[in-house]
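Asker: here is my input, please return the structure:
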Amino acid sequence: MILKSSKELKQKDFKNEKELQTYIENNMQAILGFQFIETEFAVGNFRIDSLAYDKESNAFRIIEYKNIRNRSLVDQGYTYLKLMLARKADFVLKYNEKTNSSLKISDIDWSQSRVVFVSPVYTEYQLNAADFKNIPIDLVKVTKYEDEIVEVDFIKKTSNVKVEDVISDNTNTTEIKVYNEDDHLAKLSDSQKALYRKLKETILSLDDIDVDVKKLYIAFKGRTNIVDVVIKQKSLEVNINMKKGTLKDPLKIARDMTEKGHWANGDYRVTIKTEDDIDNLVPLIKQSIKVNGK
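Answerer: The predicted structure is shown next:
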């Protein structure tokens, strides 16, 4: 989010964690992209600030708020993940109660469970502790300014180190899996890897776009998903997040996926086999950026 003003905006902090929590809960879908389920969710001897559900990953999100500097984010995060895996029925029951649904424990992808910390400030200790490529903890920085302007920054992981390479795992959360691009590219030929890297480079050059690796695909996101890429052995399946009837496709390269079951978001799919295919795809991606970009 880019702030634009004729004057320099002054920071005006949230009064306390509760005010921060209320703001996020009231805007959960717009800010984090999650379905808000419950506030102050009590499980056993613990109380979770906010319980949410990520429909894209088919998994729960535990949201915790911090308005002061605190050193224990990672330990707290793993404690809550361990609690969730031990008390799955409680989470599913609460979801069904709040949404009038009938989900079963087996319907949830527990491997995609995450804890999300939301705070206006993080210490270097916290940033370094959470900066492992496979740690199931995300940090979101929320800064409030005067005139009720709020800036949201999703802190990206920059390290290629796996958490188990430097610490022993006594948390019993091995059921949880954090995916990265290598998981999708590992079995591809060098030429296919090069094609994906070219596609990625092209997409990222078009706008302020983030990469979010999912279990079944790699998402390229602005405000929400712009395109999702499913990696195949001989092709890249690019799903364009546009509703049927809204995409202008003069070359007729996009397939209508509305009547077909498919992973990822959007009603259109384009198959990429060569770099020329990428060039033809760009005008379609730009249309999705206008709808889903930041």
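
Asker: which stretches of this protein have low pLDDT?
Answerer: For the chain, the stretches with pLDDT under 70 are 1-8, 68-72, 131-132, 158-174, 261-262.

Asker: what about the strands in it?
Answerer: Secondary structure of the chain (DSSP state E): strands at 35-43, 46-54, 59-65, 114-119, 137-145, 149-154, 210-213, 218-221, 225-231, 236-240, 255-256, 268-272.

Asker: and the second one, how far from the chain's centre?
Answerer: Relative to the mean C-alpha coordinate of its chain, strand 46-54 is positioned 16 Å out (C-alpha atoms, centre = their mean, to the nearest Å).

Asker: what angle separates that strand from strand 114-119?
Answerer: Angle of strand 46-54 versus strand 114-119, following axes from the mean of the first three to the mean of the last three C-alpha atoms, to 10 degrees, is 110 degrees.

Asker: just the CA trace of strand 46-54, in PDB.
Answerer: Only the C-alpha atoms of strand 46-54 are listed here, as PDB (Å, rounded to 0.1, in the frame of the first residue of the first chain):
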ATOM      1  CA  PHE A  46      -5.500 -21.100  26.000                       C
ATOM      2  CA  ARG A  47      -7.300 -18.200  24.500                       C
ATOM      3  CA  ILE A  48      -6.700 -17.400  20.800                       C
ATOM      4  CA  ASP A  49      -7.100 -13.700  19.800                       C
ATOM      5  CA  SER A  50      -8.800 -14.300  16.500                       C
ATOM      6  CA  LEU A  51      -9.700 -17.600  14.700                       C
ATOM      7  CA  ALA A  52      -9.900 -17.300  10.900                       C
ATOM      8  CA  TYR A  53     -10.200 -19.600   7.900                       C
ATOM      9  CA  ASP A  54      -8.300 -19.400   4.600                       C
END
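
Asker: ok, and what's touching that strand?
Answerer: Here strand 46-54 makes contact (C-beta atoms under 8 Å, 6 or more residues apart in numbering) with 21, 24-25, 28, 32-42, 59-65, 79-80, 83, 91, 94-95, 112, 114. For the C-beta atoms, the positions are set from N, CA and C on the backbone; glycine is no exception.

Asker: ok, the last one next?
Answerer: Here strand 268-272 makes contact (C-beta under 8 Å, 6+ apart) with 195, 199, 235-240, 242, 244, 247, 249, 253-257, 262, 277-278, 281, 284.

Asker: only whichever of the residues you listed are buried, select them in PyMOL.
Answerer: Filtering the contacts of strand 268-272 down to the buried ones (16 or more other C-beta atoms under 10 Å) takes a single PyMOL command:
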select buried, resi 195+199+235+236+237+238+239+240+242+247+249+253+254+255+257+262+277+278+281+284
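
Asker: next, the buried residues of stretch 90-102.
Answerer: Buried residues in stretch 90-102 (16+ other C-beta under 10 Å): 90, 91, 92, 94, 95.

Asker: show me those that map onto helices.
Answerer: Among the buried residues of stretch 90-102, the members falling in helices are 90, 91, 92, 94, 95 (criterion: DSSP state H).

Asker: could I get the residues you listed in JSON lines, plus columns for distance to residue 133?
Answerer: Listed next are those as JSON lines, based on distance: C-beta to C-beta, whole Å:
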{"residue": "90", "distance to residue 133": "30"}
{"residue": "91", "distance to residue 133": "26"}
{"residue": "92", "distance to residue 133": "29"}
{"residue": "94", "distance to residue 133": "31"}
{"residue": "95", "distance to residue 133": "29"}
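
Asker: distance of residue 242 from residue 198?
Answerer: Taking C-beta to C-beta, to the nearest Å as the measure, residue 242 falls 23 Å from residue 198.
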